[in-house]
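# Please work out how this folds:
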Amino acid sequence: MHTAVMIMAKVPQAGEVKTRLCPPLSPQEAMLLYHAFLRDKIAQVQSLEAASPTIAYTPADGRSTLASTPGKAPWHTRQFFLERT
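Reported below is the predicted structural model:
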């Protein structure tokens, strides 16, 4: 049996992530905090020996940003879309 563990993520962008922390944080500080949380989650998932790590992300043009997030290969990425209502 093959097991995949998927992380659902927004690409770290100032003003788009952890916005409820602003204030007291600036949008840039909130983005850096979110990026740290994402790196920690990636490391946690990569430590699982019997799972294939996958990141599902939004927005569509965020693949290169996520590719530069530290972590061991291979990572599978899947794009997903959030609709704002």
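
# what about Glu49, distance to Ala56?
22 Å (C-beta to C-beta, to the nearest Å). Yep, even glycine has a C-beta here, placed from its N, CA and C like the rest.

# Those two: who's more crowded?
The neighbour comparison of Glu49 against Ala56 (other C-beta atoms under 10 Å) goes to Ala56, with 13 against 5.

# What segments of this protein are strands?
4-10, 52-58, 76-79 (DSSP state E).

# What is the second one packed up against?
Strand 52-58 sits against strand 4-10, helix 27-46, helix 63-67, strand 76-79, with contacts defined as 3 or more C-beta pairs under 8 Å, 6 or more residues apart in numbering; DSSP states H and E.

# now do 7 Å
strand 4-10, strand 76-79 (3 or more C-beta pairs under 7 Å, 6 or more residues apart in numbering; DSSP states H and E).

# So in this protein, where's the weakest helix or strand by average pLDDT?
strand 76-79 (a mean of 53; mean pLDDT, DSSP states H and E).

# Identify the residues contacting Ala30.
Val17, Lys18, Thr19, Leu21, Cys22 (C-beta atoms under 7 Å, 6 or more residues apart in numbering).

# burial of Leu21, as a residue count?
Residues near Leu21, counting by other C-beta under 10 Å: 14.

# what pLDDT does it get?
In this model, Leu21 is scored at 96, pLDDT.

# now it: how far from Pro27?
For Leu21, the distance to Pro27 - C-beta to C-beta - is 9 Å.

# Thr19 too?
Separation of Thr19 from Pro27 (C-beta to C-beta) stands at 7 Å.

# So between these two, which is more surrounded?
Pro27 (17 against 13).

# That one and Thr3, how far apart?
36 Å.

# what do you get for Ala51?
Distance from Ala51 to Thr3, by C-beta to C-beta: 5 Å.

# Show me which of the two is the more surrounded one.
Per other C-beta under 10 Å, whichever of Ala51 and Thr3 has more neighbours is Ala51, with 14 against 8.

# from memory the more buried one sits against His2, does it?
No. The criterion here is C-beta atoms under 7 Å, and Ala51 misses it with His2 at 8.8 Å.

# And for Leu38, the neighbour number?
Neighbour count of Leu38, defined by other C-beta under 10 Å: 21.
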